[in-house]
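Student: Model the following, please.
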Amino acid sequence: MHLFREAGPGDFDAVARLYRQLHPGDPDPAATGAREVFARILATPDLRLFVLERAGTVVATTYLNLVPNLTRSASPYAVVENVVVDEDLRGKGLGREIMARTLDVAWAAGCYKAMLQTGSKTPATHAFYRACGFSADAKTAYLARPPQ
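Tutor: Okay, the predicted model is just below:
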C-alpha cells in the first residue's frame, strides 16, 4: 500500500504535473491563477483533493466533491473528478488503489452514490472505471458548456 492523503499546500506542483498529463493541451496551471484555486479547494471542507505517494513522490490524484443534498434522506452524494495516475506508472494498480480509498472517504461521509464522467473513448478507461465499481448503465450524463 502507498500513502493516501489529502493534498496540502506543498503539493501544487505535483498535482499540476499530473493535470498536464490529463489535459496536455491546457495552459500550465502554474501560469493561470490555479494556485489560488488550489488554496481555495484545500480550504473548503466538502472539496477533497487526494494524492497517492509512492516512495515519497506523488504518483496519482483524485478530486472528491461532497455535495449536500435534500433528497435521499438528506444524504450527500459524491462527484469524483480529475482522476490521474502518472503516465509512466499506469497499469500497476495505483489507479484502483486511489479510487478505492477515495470512495471509502465518500462512503464514510454518508454519500448514497458517487458519480464521475469521462470524456475518454478508450475501452481501457471504461474498463478501469467499471473495475472500480462504477456503472455506465445507471444514469445518463449531459454536459452543457457556456456559449463561445
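Student: Look up which residues are beta-bridged to the residue nearest the centre of the chain.
Tutor: Among the residues of the chain, the one closest to the centroid is T62, at 2.6 Å (C-alpha atoms, centre = their mean). Assessed by DSSP bridges, T62 has beta-bridge partners F50.
Student: That one against A100, yeah?
Tutor: No: the pair T62 / A100 is not scored as a contact, 10.4 Å apart, by C-beta atoms under 8 Å. Backbone N, C-alpha and C define where each C-beta goes, glycine included.
Student: one step back: could you check how far the residue nearest to the centre of the chain is from A106?
Tutor: 10 Å (C-beta to C-beta, to the nearest Å).
Student: and for these two, which residues touch both?
Tutor: Residues touching both T62 and A106 by C-beta atoms under 8 Å, 6 or more residues apart in numbering: V80.
Student: Ends of stretch 39-50, what's the gap?
Tutor: 14 Å (C-alpha to C-alpha, to the nearest Å).
Student: Give the rounded mean pLDDT of that stretch.
Tutor: For stretch 39-50, mean pLDDT is 97.
Student: now stretch 115-130
Tutor: On average, stretch 115-130 scores 92.
Student: Kindly report the same for stretch 73-82.
Tutor: 97.
Student: Check the offset of that stretch from the chain's centre.
Tutor: 12 Å (C-alpha atoms, centre = their mean, to the nearest Å).
Student: ok, longest helix in the chain?
Tutor: helix 94-108 (DSSP state H).
Student: Tell me the helices and strands packed up against it.
Tutor: strand 3-6, strand 47-54, strand 57-67, strand 77-85, helix 123-131 (3 or more C-beta pairs under 8 Å, 6 or more residues apart in numbering; DSSP states H and E).
Student: Tell me which other helices or strands the helix or strand just after it touches.
Tutor: Downstream of helix 94-108, the next assigned helix or strand under DSSP states H and E is strand 114-116. Other elements packing on strand 114-116 under the criterion 3+ C-beta pairs under 8 Å, 6+ apart are strand 77-85.
Student: For the strand it packs on, give me every contacting residue.
Tutor: Outside strand 77-85, the residues touching it (C-beta under 8 Å, 6+ apart) are 18-19, 21-22, 59-67, 69, 94-95, 98-99, 102-103, 106, 109, 111-116.
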